[in-house]
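Asks: Provide a 3D model corresponding to the input given below.
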Amino acid sequence: MKIKEYQVSLIIILLSTTVIFLNNLRLKPYKVQQQMLNDISYNSYQKDSLFIESINTGYPSLTMTTIPIKSIVGKYIVESSNNIEYGKTMIRNGIEDNPFLMYGEALLADTYLGEFKLDSFQLYARKAFKNLSNNPVNFAMMSNVLKSENKIDSFLYHFERISSRVDDFQLHRIMLASLVDSEEYKDKGIQIVNNAIELYPDIEEFKVLSNYIEYSKNNIKLSEEVQRNAIELYKQGSFKMAITLFEESIRLFPKSKSYHFNLLTAYNDNNLYTRLIDHYEGILIDDFKIDKELQLLYINALFNSSKFDLACNMIKKIDPINSLEISKKIMSKCN
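Replies: Numbers count the residues shown, from 1 in each chain. Sure thing, here's the model as predicted:
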């Protein structure tokens, strides 16, 4: 009886020791795993060799989020050393630990793209997307494949299919980035970006993409250059040429309030009140028309064009009225 009790006690001790040992193996790399998961989130894989060598790839073989540790280590090696082939081998070894996640395939696709080995890039990008199309990273890589093949219709099909069941702003961002300079798909791009702004109103990037799609990125960049030249000419006293350029920058990109302010200021300084009034009244963006600075320039032009009733009615709309901003002459006329 005592022998059996001894045997049972021994078994319990051995099991307890094994559990403690395994738990220690898991707990020890916990902080390292946290660092790895942060690196994945920020796509930051530059690490020194000491950190890489400290990672245990044997047990556990997966992170707490089921990502193969060998694949992460492989990516560290690719980004942090000259031994890219060994890094790719480690990534492949990690795939065996979780062949369903497509994480390793995505890493290999990205690595081959960096090496300009496009056939291998397309092979792994297609595999990752085929098996896990809902993942934004896989969708982004597949977008590069489809764009290179000029298959925008196919790209749109996959976007609409995936975005209808996955709520992720990255899908919209990836899709829209591909439509920025496409005149053929401009209307579709405007539709998608308006939907993105409605779904994700706090993401400013979609408002920028909206302008790029509607007016073209090249035109907006050109308008910025024209505006800078206009300001420089104006400082030099070349008012007529500067005004021409101010007008041109607005033609290229009419959604810049500063562009309108600069042009109206130039009209006002040069007593071109009729042109100022016509331009202000032709502004189609309501938010600009209720801008106080633009309204004050408009009021001054109305007054100097003897349109006193209109000027006084506009003054009533400005709240609060700052007597320092509206001349005493205009205020006394309205009173």
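
Asks: next one: phi and psi at the residue nearest the centre of the chain?
Replies: What sits nearest the mean C-alpha location of the chain, by C-alpha atoms, centre = their mean, is E205, with 5.0 Å. Taking degrees, to the nearest 10, you get phi -60, psi -30 for the backbone angles of E205.

Asks: what does N43 give?
Replies: Backbone torsions for N43, taken as degrees, to the nearest 10, come to phi 50, psi 50.

Asks: And it, how close does it get to F308?
Replies: For N43, the distance to F308 (C-beta to C-beta, to the nearest Å) stands at 62 Å. C-beta here means a position set from N, CA and C on the backbone, and glycine is covered the same way.

Asks: Equivalent analysis for E198, please.
Replies: Taking C-beta to C-beta, one finds E198 at 43 Å from F308.

Asks: Repeat that for E248.
Replies: 33 Å.

Asks: The two: which is more packed in?
Replies: Legend: neighbour count by other C-beta atoms under 10 Å for E248 and F308, higher for E248 (16 against 13).

Asks: How far off centre is stretch 175-184?
Replies: Put simply, stretch 175-184 sits 14 Å off its chain's centre (C-alpha atoms, centre = their mean, to the nearest Å).

Asks: State the pLDDT value of L310.
Replies: On the pLDDT scale, L310 is placed at 89.

Asks: and it, what is it in contact with?
Replies: L302 (C-beta atoms under 8 Å, 6 or more residues apart in numbering).

Asks: What's the separation between it and I277?
Replies: Taken as C-beta to C-beta, the span from L310 to I277 is 9 Å.

Asks: for D181, same thing?
Replies: 37 Å.

Asks: Looking at the two, which one has more neighbours?
Replies: Using other C-beta under 10 Å as the criterion, D181 and I277 rank with I277 on top: 20 against 14.

Asks: Doesn't the more buried one lie inside a helix?
Replies: Yes. Checked against DSSP: H, G, I helix; E, B strand; the rest coil, I277 lies within a helix.

Asks: I'd assumed N300 was in contact with it.
Replies: No. Using C-beta atoms under 8 Å, I277 makes no contact with N300, being 10.2 Å away.

Asks: What is the burial count for N135?
Replies: Applying other C-beta under 10 Å, I find that N135 has 22 neighbouring residues.

Asks: For the closest residue to S54 other than its chain neighbours, pull up the helix or strand it's in.
Replies: Counting by C-beta to C-beta, 6 or more residues apart in numbering, S54 lies nearest to V32, which is 6.8 Å off, once chain neighbours are set aside. Element membership for V32 (DSSP states H and E) is helix 30-41.

Asks: and that helix, which residues are buried?
Replies: For helix 30-41, burial by neighbour count (16 or more other C-beta atoms under 10 Å) applies to 33, 36, 39-40.

Asks: With stretch 147-167 instead?
Replies: 152, 155-156, 158-159, 162-163.

Asks: With pLDDT added, can I get these in TSV?
Replies: Listed next are the buried residues of stretch 147-167 as TSV, based on pLDDT from 0 to 100:
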residue	pLDDT
I152	88
F155	89
L156	91
H158	90
F159	89
I162	89
S163	87
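
Asks: same for the one helix or strand D153 maps to, what does it pack against?
Replies: In this structure, D153 sits in helix 152-163 according to DSSP H and E. If contacts are counted by 3 or more C-beta pairs under 8 Å, 6 or more residues apart in numbering; DSSP states H and E, helix 152-163 sits against helix 136-148, helix 169-177.

Asks: now these in CSV, with mean pLDDT and distance to Y76?
Replies: CSV is the format used below for these (pLDDT from 0 to 100; distance: least, C-beta to C-beta, whole Å):
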stretch, mean pLDDT, distance to Y76
helix 136-148, 87, 17
helix 169-177, 90, 24
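
Asks: could these be laid out in TSV, adding distance to Y215?
Replies: Listed next are the helices and strands packed on helix 152-163 as TSV, based on distance: least, C-beta to C-beta, whole Å:
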stretch	distance to Y215
helix 136-148	21
helix 169-177	14
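
Asks: what's the closest of these to I315?
Replies: Ranking the helices and strands packed on helix 152-163 by proximity to I315 (C-beta to C-beta) places helix 169-177 first, at 42.5 Å.

Asks: coming back round to it: ok, the residue nearest to S54 to N83 distance?
Replies: Note on V32: its distance to N83, by C-beta to C-beta, is 21 Å.

Asks: do F116 as well
Replies: For F116 relative to N83 (C-beta to C-beta), the value is 19 Å.

Asks: Mind checking which of those two has more residues around it?
Replies: Neighbour count, other C-beta under 10 Å: between F116 and N83, N83 has more, with 12 against 7.

Asks: which residue packs closest to that one, ignoring adjacent ones?
Replies: Per C-beta to C-beta, 6+ apart, closest to N83 is I77, 6.0 Å.

Asks: for that neighbour, what are its contacts?
Replies: Going by C-beta under 8 Å, 6+ apart, I77 touches 52, 83-84, 86-87, 90.

Asks: right, and L252 touches E225 too?
Replies: No. Counting by C-beta under 8 Å, L252 stays clear of E225, with 9.6 Å between them.

Asks: Neighbour count: the two, which is higher?
Replies: L252 (20 against 12).

Asks: Who's the closest spatial neighbour of that one, skipping the chain neighbours?
Replies: S223 (3.8 Å).
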